[in-house]
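Novice: Here is the input, now give the coordinates:
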Amino acid sequence: MTHALVIGAGPAGLMAADTLARAGMTVVVAEAKPSVGRKFLMAGKSGLNLTKDEPLARFLDAYTGSAAGIVREAVRGFGPEAVAGWARGLGQEVFTGSSGRVFPRAMKASPLLRAWLQELSSLGVEIRTRWRWTGFEGAGLGFDTPEGRQVLHPSATVLALGGASWPRLGSDAAWVPWLAEKGVPLAPLQPANAGLSVDWSPHMEAHFGTPVKALRLTAGAVALRGECVISARGLEGSAIYAVSREVREGAALTLDLCPDWSLAQVAERLSRPRGKTTVAAHLRKALRLDPARLALLMEFGRPLPEAAALAARVKALPVRHAGLRPIEEAISTAGGISAQALDGYQIKALPGIFAAGEMLDWEAPTGGYLLTGCFATGRGAGTAAAAWVASGPARAGPQASAPR
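Specialist: So this is what the prediction gives:
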């Protein structure tokens, strides 16, 4: 039997291990944390969005970055239908919400993860927790473990260590300097699907935690209708995450506070006599603005212009902000191993070592695209690693040691 090593026990790593085991290889998964799938479990706390039921061409368009082509090809082979079928195969029925997002009926990640770990165990996959990779040691890979220092020499290795978001859950980007030292081309890691930092005026404190609905956001070439939340730190939520790449790249962000009305309709309503009512009261009544949207207009729109110019501001309110929230708070990251560094999933400078998941230079919005991309690239890397080993024992190198 041939030994394979997977480093990282998130969705991409576990899928790579699953694929390698089904190809007939003995598989060891090394995970630095005391338990597996921590970010996966955290993502499922508010409902595990596995994938999205929409035309494949539209789904594939969600992926950007230098390695987006690799991810798209992976998703073609293991896309939304396959992800849903995989979950059902583990005894976890799924349903599709009104937005097209696909969730397990249990909603949480833990039942699915438990079933998956049982399946991996039945396939002979060995998971070693508290095994922290510390870099390359000659031709081997070094680990700090509960049993002391260990160095493994696997026939093939899949790296699935994530990016740099939520480092307390395991994705701490410690691997970046180790690959850089080997000459692997890397795109800088940056926050993706991140909130905006805003230095609010004191009057906004009353609105912290308030959802803002009925908005249309525009940043660069992206325009969408959605919702966000006013937080003490700034603006957060799925609509903000959807424009975070454009904002990160320097595009201005504007909010349409009345997306159901045209500019002319807004101007006509604002031109009505307001009598002795205050400007704020007139805006609230004429435009039916709830307190949250009115507060945003007062925060970002002052000094308020008159009549038609005010209507234009309501329809395209410029958001003043201090950029995206820090990468540690982002849902995911952009950047990582560049496409030019890869031959498929194999790192050209490191024969026999493959990469999957958020380590690759791609990004996608929330809504099922992220998890599907991780599942699909994990499967793709596992398939590529197994094929590479099978193509020639001389190339595969020594088999993995199996210390206890």
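Novice: tell me the contacts of Leu294?
Specialist: Going by C-beta atoms under 8 Å, 6 or more residues apart in numbering, Leu294 touches Ala280, Leu283, Arg284. All C-beta atoms are positioned from the backbone trio N, CA, C, and that covers glycine.
Novice: Tell me how many other residues crowd the first one.
Specialist: Spelled out, that is Ala280. 15 (other C-beta atoms under 10 Å).
Novice: So the residue lying closest to it once chain neighbours are set aside, which state does it fall into?
Specialist: For Ala280, ignoring the flanking residues on the chain, the nearest one in space by C-beta to C-beta, 6 or more residues apart in numbering is Leu294 at 6.5 Å. With DSSP: H, G, I helix; E, B strand; the rest coil as the basis, Leu294 sits in helix.
Novice: How confident was the prediction at Leu294?
Specialist: pLDDT, Leu294: 96.
Novice: hang on, the earlier thing: which of the contacts of Leu294 lies closest to Pro351?
Specialist: Closest approach to Pro351 among the contacts of Leu294 (C-beta to C-beta): Leu283, at 64.7 Å.
Novice: Am I right that the closest one is in contact with Leu297?
Specialist: Yes. Leu283 is in contact with Leu297 according to C-beta atoms under 8 Å; the separation is 6.7 Å.
Novice: Show me the contacts of Leu294 that map onto helices.
Specialist: Assigned to helices by DSSP state H, the following of the contacts of Leu294 qualify: Ala280, Leu283, Arg284.
Novice: would you turn those into CSV with pLDDT and distance to Leu152?
Specialist: Formatted as CSV, those follow (pLDDT from 0 to 100; distance: C-beta to C-beta, whole Å):
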residue, pLDDT, distance to Leu152
Ala280, 90, 66
Leu283, 93, 65
Arg284, 93, 65
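Novice: Adding distance to Gly301 as columns, could you present those residues in TSV?
Specialist: Shown next, in TSV, are those (distance: C-beta to C-beta, whole Å):
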residue	distance to Gly301
Ala280	11
Leu283	10
Arg284	14
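Novice: out of those, which one sits closest to Arg88?
Specialist: Arg284 (49.0 Å).
Novice: That closest one - how many residues pack around it?
Specialist: With other C-beta under 10 Å as criterion, Arg284 counts 17.
Novice: any idea of the pLDDT on the residue nearest in space to the middle of the chain?
Specialist: Geometric centre of the chain, nearest residue: Ser332, 3.7 Å, by C-alpha atoms, centre = their mean. At Ser332, the predicted lDDT confidence score is 96.
Novice: State whether it and Ser171 are indeed in contact, as I suppose.
Specialist: No. Checked against C-beta under 8 Å, the pair Ser332 and Ser171 is beyond contact range at 9.1 Å.
Novice: list residues touching both of these two?
Specialist: Joint contacts of Ser332 and Ser171 (C-beta under 8 Å, 6+ apart) are Gly163, Ser165, Glu358.
Novice: Could you count how many residues lie near the residue nearest to the last one when sequence neighbours are not counted?
Specialist: Yep, that's Glu358 we're talking about. Leaving out its chain neighbours, the residue that sits closest to Glu358 by C-beta to C-beta, 6+ apart is Gly163, at 4.0 Å. Gly163 sits with 28 neighbouring residues when counted by other C-beta under 10 Å.
Novice: which residues touch Gly163?
Specialist: Counted by C-beta under 8 Å, 6+ apart, Gly163 has contacts Ser171, Ala173, Leu189, Ser332, Thr333, Gly335, Gly336, Glu358, Met359.
Novice: Check Glu126 too.
Specialist: Here Glu126 is in contact with Thr26, Val27, Val28, Val29 (criterion: C-beta under 8 Å, 6+ apart).
Novice: again, but for Arg245
Specialist: Thr64, Ala192, Ala334, Glu363.
Novice: Was I right to think the second one contacts Ser244?
Specialist: Think Ala192. Yes. Assessed by C-beta under 8 Å, Ala192 is found in contact with Ser244 at 6.1 Å.
Novice: picking up where we left off before, any idea which element the residue nearest to Glu358 lies in?
Specialist: Under DSSP states H and E, no helix or strand contains Gly163.
Novice: how close does it get to Ala12?
Specialist: 11 Å (C-beta to C-beta, to the nearest Å).
Novice: any common contacting residues for these two?
Specialist: Glu358.
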